[in-house]
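S.K.: Structural data only, the sequence is not supplied:
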Ligand code: SF4
């Protein structure tokens, strides 16, 4: 029997993928594989548990054990909007380890919940290569013409609600993604400004973590800012001061 492993991130796209796989193949051989980075929003776990109950499939959790900040200290490298070792060490490696131990590539399909937008579809070839030797499928991208990001998100959120599963609160708080509690290092300046307003205590924690890493590593930062065509490091402390100055 083919094993169907959904890479369940806790995002609404992965919910949509899981639901479609369950409808198509049933849930007997369905796995919801989720990596815990240690700094997820608490409501991600509420959503993950509700999804698990709704589908009748337990969560299969994997965990490196370090948070992104601890990893950055270990690797002596601060993740940023261009390079994210946290994705590799806290998500990809633990998930691949589970796959190697439990999922025979000859009889397993891995499902990725990337959304049916042009931008997301363009990522498919790289994701397929990354997942080899496992076969990958993208259930949301099999549904006709690509949608805009807004259309896709609205459709998926409405679908979850109609099925009786309340979507993660971060979407309602105007985050585009439900990952790392709104403090994803890959997110740009706009999201960090948003986090400063919505979760000031999380911003303060990230600011302190970044400051520690700057002590250790020198002039590094999560964000960069371009001035007159030149890119400068922009520590979160400076972003906060700019924000406070503008109030
Ligand atoms: S969501 Fe962002 S911060 Fe979290 S592991 Fe992925 S890249 Fe790193």
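M.R.: All right, it came through fine. Here the structure is a predicted model, which is why all the values come from computation and not from measurement.
S.K.: for the chain, which helix is longest?
M.R.: Assignment by DSSP state H gives helix 200-217 as the longest helix of the chain.
S.K.: after that helix, next one along is what?
M.R.: strand 223-227 (DSSP states H and E).
S.K.: Can you list the strands that that following strand pairs with?
M.R.: Here strand 223-227 has these sheet partners by DSSP bridges: strand 230-234 (antiparallel).
S.K.: what about the strand it pairs with, average pLDDT?
M.R.: Throughout strand 230-234, pLDDT has a mean value of 92.
S.K.: Can you name the element that comes right after it?
M.R.: That would be, after strand 230-234 and using DSSP H and E, helix 236-246.
S.K.: so who does the residue positioned nearest the centre of the chain touch?
M.R.: In the chain, the residue lying closest to the centroid (CA atoms, centre = their mean) is residue 179, at 4.2 Å. Neighbour list for residue 179: 9, 10, 11, 37, 40, 44 [criterion: CB atoms under 8 Å, 6 or more residues apart in numbering]. The way it works is simple: take the backbone N, C-alpha and C, and place the C-beta from them, glycine included.
S.K.: List phi and psi for the nearest residue to the third one once chain neighbours are set aside.
M.R.: Nearest residue to residue 11 in three dimensions, chain neighbours excluded: residue 178, at 4.9 Å (CB to CB, 6 or more residues apart in numbering). Summarising the backbone geometry of residue 178 under the convention degrees, to the nearest 10, its torsions are phi -100, psi 70.
S.K.: Kindly report the residues of this protein close to the ligand.
M.R.: Residues of the chain that fall close to the ligand, judged by CB under 6 Å from any ligand atom: 37, 68, 79, 84, 86-87, 90-91, 179-180, 184-186.
S.K.: just checking, residue 91 touches residue 35?
M.R.: Yes - Residue 91 lies in contact with residue 35 (CB atoms under 8 Å); the separation is 4.3 Å.
S.K.: coming back round to it: which member of the residues of the chain next to the ligand is positioned nearest residue 153?
M.R.: Proximity of the residues of the chain next to the ligand to residue 153, judged by CB to CB, is greatest for residue 179, which lies at 14.2 Å.
S.K.: Now for residue 29, how many residues are close by?
M.R.: Applying other CB atoms under 10 Å, we find 16 residues neighbouring residue 29.
S.K.: now residue 58
M.R.: Residue 58 has 11 nearby residues by other CB under 10 Å.
S.K.: heads up, I number from 648, so please use that
M.R.: Okay, residue one is now 648; in that scheme the one you just asked about reads as residue 705.
S.K.: wait, what's in contact with it?
M.R.: 679, 699.
S.K.: go on, the one 3 residues further on?
M.R.: Contacts for residue 708 (CB under 8 Å, 6+ apart) come out as 681, 682, 683.
S.K.: For the last one, give its distance to residue 662.
M.R.: In this structure, residue 683 and residue 662 are 17 Å apart, going by CB to CB, to the nearest Å.
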